[in-house]
Structure formats: C-alpha cells, structure tokens
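Novice: just need the structure, nothing else, for what follows:
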Amino acid sequence: MGKIPVKVTPEEMQELKKLAEIVKNPHLPMSDRRIAKTQYESIINFAKSSNRGFISSV
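Specialist: Numbers count the residues shown, from 1 in each chain. This next block holds a predicted model:
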C-alpha cells in the first residue's frame, strides 16, 4: 500500500509533528502514545475528506 500525499494546514502540520514526537517517544506510557496515534490519524483522515488536493511537503 503506497503513501498518498495529503494537504494539511500549517496548524495541522504543527499538531501532527507534536503528535508524532509523542508516538515515537518510548519513555511515555503506551496509553498516551496510542491516544496520540489516534489523534494523528484523525487529523489525516479529516484532511483527506476535506478534498483539499495534494501537498508535496508531507
């Protein structure tokens, strides 16, 4: 399954970066990392469903 570029706003990008850091941090509890992953996926799915086109920097 290939990666599909998704256009996100600068605010969403900032939030995605913050959530990605939480997900990657092995020192945080697994429950916090799962919540961050779910929030990350929600932002991506919202951006996909908004039909904003594509962005090349993602």
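Novice: determine the longest helix present in this protein.
Specialist: Longest helix in the chain, counting residues (DSSP state H): helix 30-49.
Novice: which elements pack onto that helix?
Specialist: Applying 3 or more Cβ pairs under 8 Å, 6 or more residues apart in numbering; DSSP states H and E, we find helix 30-49 packed against helix 10-24. The way it works is simple: take the backbone N, C-alpha and C, and place the C-beta from them, glycine included.
Novice: the residue located most distally from the centre of the chain and residue 21: what is the separation?
Specialist: Ranked by distance from the centre of the chain (Cα atoms, centre = their mean), the top residue is residue 27, with 20.0 Å. Noted for residue 27: a distance of 11 Å to residue 21, by Cβ to Cβ, to the nearest Å.
Novice: same check on residue 15?
Specialist: According to Cβ to Cβ, residue 15 and residue 21 sit 11 Å apart.
Novice: these two: which is more packed in?
Specialist: residue 15 (15 against 11; other Cβ atoms under 10 Å).
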